[in-house]
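Visitor: pasting a predicted model and its sequence here:
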Amino acid sequence: MKSVSLLLLATLLVVPTVAMAWGNINAHPMINTEALAYFFAHEGSGGKYKYSPVDRTTVYTGTGVLEGGWGNAPNGPISKNITGWLAHGGYSADEPEVFASLRHFYDPLALNGGVSYLTDHIDEFYPSANPEMDAKTWGLDADDNLYCWKKGLQSYKYAMEKTDSREANLTFAYRALGETMHLFADMTQPAHVRNDSHPWAEPIEDNVTGAMVTASKGYPVDSRVSLAGLPGNLFDQLATFTNQYFYSNDTIFDGPSDTLPYNEWAHYPSPQFKDLTYDPKRCVYSGTFNGIPVPMIEQTASTYVLEKLGYGDPNYHVPPSYAPGLAGVLIPIAIHANAKMIDMFFPTINLTLTTTNIGNNQVRLEGQMTHDVAKDPAWQELGMGAIKYAGPGAVMTWSNGTASKVADVIFDKGVMTPIDINVPLSGGSSLYLQVTAGGRIFTSPEIEVGNVVVTISPENVTLNTGATQTFKATVTGTSNTNVTWSVLEGASGGTVSGSGVYTAPNTVGTYHVVATSQANPTKSATATITVNAQSGRFTSLDVSAAPGITTGTNCESEGAYLSNHEKFAPLVWTGNSFTANGEWETGTGTRLETHYTVSLSGTINADNTLSLTGTFTRREVYILGWWTNPSVERYRDISESTSTLTIDRLPKYLSNPDRWFMVGEAARPYLKGVSATYKVTRQFPDGTSELRKSCNMTDVNWAAGGYVQVYTNGTGQ
């Protein structure tokens, strides 16, 4: 680890330094490099990168630190690929050294005066110069940090939306990402999550090299570390874990043994000696990480000798030799956390190409580049809105293993200016869009436009008005077998779903369903549908039902059931639904005249069951007196009944495809409600009348022999 001296403005004296975590010459750049490698291996190939991988090789020129220094670090043009820029950010975050070193501390417990920024030795060595800035604020969104996380995302957005200075904005964004990653790695360095400026030495950071970072990269992350959440939450989790389980050399504290920190600042509550494993032979305290003991501190040699001579109490320190073991725990956390930061940095952007057949063997190509910001909570959090790409792109063709350009295109606010091309292309070829921007190569899914053949089944069908038919399309000559369904005559010819289910209109005629290849919109197949008028007659309904509850006058003798039998109500169809309304009389001119009225509505469900609701009335006039003197009417009994019922999903009668039928006990589950009223009035020749019965029946259930039937072919008996 490199330490730098703070220059007092009033003197040229060299004073003890405020140090920078892990070392910006080797360790920090290597942490960023390994984080990017981990990202490529575990994050950067699937998901949102499937059609937009990060470009690893292209070299971009931008502004970087040319030479490090205490108070000044001159910047100028440098050229690097993404690996180089992120590694450079790991270096440049500590430049200029004095300025940076004061802003790279974050105490998540804020035990020193309730602040999280560094206060240790600042007033002593650098009076009136404490920026009072903690690393979390500095790294994520500080206004005066040119290369903070927020400005990095803003610059990436500019690189996608602004046609001028595109490369400068991208390199700025990469450097900002690298510098942010540096600060996340600082949160795995114990002195930087405690109020410990370590002006003389910090054995862990001073002795971790770039090679040691590489050697540690494959170790597992401790199971107590969570790498979830947005950047601020992730920052806190790293700092809290490191603060809780590790000592810096100047902050070793243990309450029970009265071991006090060298820098005399706050006493951090953990770790305590009781949380560690003690080896009395070596005078070493070790922590356990993923089940493996790791030496943390040991008693200093001088206090060991004095203690053996009976003088003083033991003091402890972190020996430089412990750096590799501690790095094996802390460095993997920094690498994995920074791989997460890289993933949050790159937005979810989808490039799509659509084709429209415009005739004359031409296809219109349209494209969009859409930022799905809802999938990027780290972008959402900053409220910058969706990226709307502006700049060039290309229509590409892929044929026989070779990619070639078909045409250049231009995007504005995420939308491509449409172009028309001739088709078909050469056999076995496909089209796709390609945009190289934002350090990525975006491609749309391929649309194949080779020797595509579409067939449809069935090709001819006859339907009644409102009926449905499922069509199937088969596409060969392309791996994209999707089709777009349409009705040639438009809305007047019925409708067809995206899965090929056609619904006939209520108007008779001849119509056509078209299946068009999405791979090559010039290829399609057509089915012809003849639509006839729907026919059918509600022929009879008989409900023999036992009343559950009967109330009224003189109803005890009503018997076990109510019976309604109606016939010959014509059906009026709308799609798969119908109504039936009818009136008729029987026995006219006899001593038993009956008048019937029926009003029904029903639906043939998708599973071919019948749902039905209806109201029935029956009025009978029975004339008494013929048995004594047929010419003399003694009186007449007028009986009137009104019944309502609801039947739900009654199955078809298997032996007759046009009949729905269920009888007896088996019918009970389908009867959802029957109620009835029944009234008998006796009329006398002198005009007087007498109410003989008045009954209300509710909770009616099917009785043995009850059934319902509907014929749709008009010939039911």
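Guide: That came through fine.

Visitor: thinking residue 591 is in contact with residue 622, fair?
Guide: Yes. Using Cβ atoms under 8 Å, residue 591 is in contact with residue 622, at 6.7 Å. The C-beta positions use only the backbone N, C-alpha and C, and glycine is treated the same way.

Visitor: for the residue nearest to residue 462 when sequence neighbours are not counted, name its beta-bridge partners.
Guide: Leaving aside its sequence neighbours, residue 462 sits nearest to residue 530 (Cβ to Cβ, 6 or more residues apart in numbering; 4.6 Å). Residue 530 has these beta-bridge partners by DSSP bridges: residue 462, residue 510.

Visitor: can you give me the helices in the stretch 601-717 of the chain?
Guide: Per DSSP state H, counting those that start in this stretch, the stretch 601-717 of the chain carries no helices over any range.

Visitor: no no, the chain
Guide: Counting by DSSP state H, one finds helices in the chain at the ranges 27-42, 82-92, 97-101, 122-125, 135-140, 149-161, 166-186, 203-207, 210-216, 231-245, 301-308, 323-345, 377-382.

Visitor: and among those helices, the most buried is which?
Guide: Most buried of the helices of the chain by mean neighbour count (mean count of other Cβ atoms under 10 Å) is helix 166-186; its value is a mean of 26.

Visitor: tell me how far that one lies from the chain's centre.
Guide: Chain-centre distance of helix 166-186: 28 Å, with Cα atoms, centre = their mean, to the nearest Å.

Visitor: ok so, going back, so which of the helices of the chain comes closest to residue 510?
Guide: Nearest to residue 510 among the helices of the chain is helix 149-161; the distance by Cβ to Cβ comes to 52.0 Å.

Visitor: if we can go back for a sec, so for residue 591 and residue 622, which residue has more residues nearby?
Guide: Ranked by neighbour count (other Cβ atoms under 10 Å), residue 591 and residue 622 place residue 622 first, with 17 against 14.

Visitor: can you count the residues close to residue 384?
Guide: Residue 384: 14 surrounding residues under other Cβ under 10 Å.

Visitor: what's the closest non-adjacent residue to it?
Guide: Nearest-residue entry for residue 384: residue 157, 6.0 Å, with adjacent residues in sequence omitted and distances by Cβ to Cβ, 6+ apart.

Visitor: didn't the residue nearest to residue 462 look like it was pressed against residue 463?
Guide: Yes. The pair residue 530 / residue 463 is scored as a contact, 7.4 Å apart, by Cβ under 8 Å.

Visitor: between the two, point out the one with more neighbours.
Guide: Per other Cβ under 10 Å, whichever of residue 530 and residue 463 has more neighbours is residue 463, with 19 against 13.

Visitor: who's in contact with the more buried one?
Guide: Applying Cβ atoms under 8 Å, 6 or more residues apart in numbering, we find residue 463 in contact with 469, 504, 529, 530, 531, 532.

Visitor: dump these to JSON lines, plus pLDDT and distance to residue 174.
Guide: Putting the contacts of residue 463 into JSON lines (pLDDT from 0 to 100; distance: Cβ to Cβ, whole Å) gives the following:
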{"residue": "469", "pLDDT": "94", "distance to residue 174": "58"}
{"residue": "504", "pLDDT": "90", "distance to residue 174": "60"}
{"residue": "529", "pLDDT": "96", "distance to residue 174": "59"}
{"residue": "530", "pLDDT": "93", "distance to residue 174": "65"}
{"residue": "531", "pLDDT": "88", "distance to residue 174": "63"}
{"residue": "532", "pLDDT": "80", "distance to residue 174": "69"}
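
Visitor: neighbours around residue 263, how many?
Guide: 19.

Visitor: the nearest residue to it once chain neighbours are set aside: what's it in contact with?
Guide: The shortest distance from residue 263 to any non-neighbouring residue, by Cβ to Cβ, 6+ apart, is to residue 250 (4.3 Å). When contacts are counted by Cβ under 8 Å, 6+ apart, residue 250 touches 120, 191, 196, 198, 202, 261, 262, 263.

Visitor: returning to that earlier point: and the residue nearest to residue 384, what pLDDT?
Guide: Looking at residue 157, its pLDDT reads 98.

Visitor: my guess is it contacts residue 387. True?
Guide: Yes. Assessed by Cβ under 8 Å, residue 157 is found in contact with residue 387 at 5.4 Å.

Visitor: shared neighbours, the two?
Guide: Residues touching both residue 157 and residue 387 (Cβ under 8 Å, 6+ apart): none.

Visitor: on that earlier part again, could you dump the helices of the chain to TSV with distance to residue 520?
Guide: Converted to TSV, the helices of the chain look like this (distance: least, Cβ to Cβ, whole Å):
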stretch	distance to residue 520
helix 27-42	36
helix 82-92	38
helix 97-101	59
helix 122-125	70
helix 135-140	50
helix 149-161	32
helix 166-186	35
helix 203-207	62
helix 210-216	51
helix 231-245	46
helix 301-308	81
helix 323-345	37
helix 377-382	37
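
Visitor: and those helices, which one is worst for confidence?
Guide: Mean pLDDT is lowest for helix 122-125 out of these, coming in at a mean of 74.

Visitor: circling back: so which of the helices of the chain is nearest residue 417?
Guide: Closest to residue 417 of those, according to Cβ to Cβ: helix 149-161, at 16.4 Å.

Visitor: so what secondary structure elements neighbour that closest one?
Guide: Helix 149-161 is packed against helix 135-140, helix 166-186, helix 323-345, helix 377-382, with contacts defined by 3 or more Cβ pairs under 8 Å, 6 or more residues apart in numbering; DSSP states H and E.

Visitor: of those, which is nearest residue 54?
Guide: Closest to residue 54 of these is helix 323-345 (Cβ to Cβ; 8.5 Å).

Visitor: just give me how far the closest one sits from the chain centre.
Guide: Worked out by Cα atoms, centre = their mean, helix 323-345 lies 28 Å from the chain centre.

Visitor: tell me the angle it makes with helix 82-92.
Guide: For helix 323-345 against helix 82-92, the angle by axes from the mean of the first three to the mean of the last three Cα atoms, to 10 degrees is 120 degrees.

Visitor: between helix 323-345 and helix 27-42, how big is the angle?
Guide: Interaxial angle, helix 323-345 versus helix 27-42 (the same axes, to 10 degrees): 60 degrees.

Visitor: picking that back up, which of the contacts of residue 463 sits closest to residue 245?
Guide: Proximity of these to residue 245 (Cβ to Cβ) peaks at residue 469, which lies at 68.5 Å.

Visitor: and the closest one, how many residues sit next to it?
Guide: Residue 469 has 18 neighbouring residues, counting by other Cβ under 10 Å.

Visitor: ok, so what distance separates it from residue 574?
Guide: Using Cβ to Cβ, to the nearest Å, we find residue 469 at a distance of 17 Å from residue 574.

Visitor: for residue 433, same thing?
Guide: Residue 433 sits 46 Å away from residue 574, going by Cβ to Cβ.

Visitor: same question for residue 391.
Guide: 54 Å.

Visitor: more neighbours, these two?
Guide: Comparing residue 391 with residue 574 by other Cβ under 10 Å, the one with more neighbours is residue 391, at 18 against 12.

Visitor: who's in contact with the more buried one?
Guide: Contact partners of residue 391, counting by Cβ under 8 Å, 6+ apart, are 160, 163, 166, 410, 411, 435, 437.

Visitor: check whether the second one really touches residue 390, as I assumed.
Guide: What it means is residue 163. Yes. The pair residue 163 / residue 390 is scored as a contact, 5.9 Å apart, by Cβ under 8 Å.

Visitor: give me the more crowded residue out of those two.
Guide: Neighbour comparison, residue 163 and residue 390: the larger count goes to residue 390, with 18 against 10 (by other Cβ under 10 Å).

Visitor: surely the more buried one touches residue 411?
Guide: Yes. In this structure, residue 390 is within contact of residue 411 by Cβ under 8 Å, at 5.9 Å.
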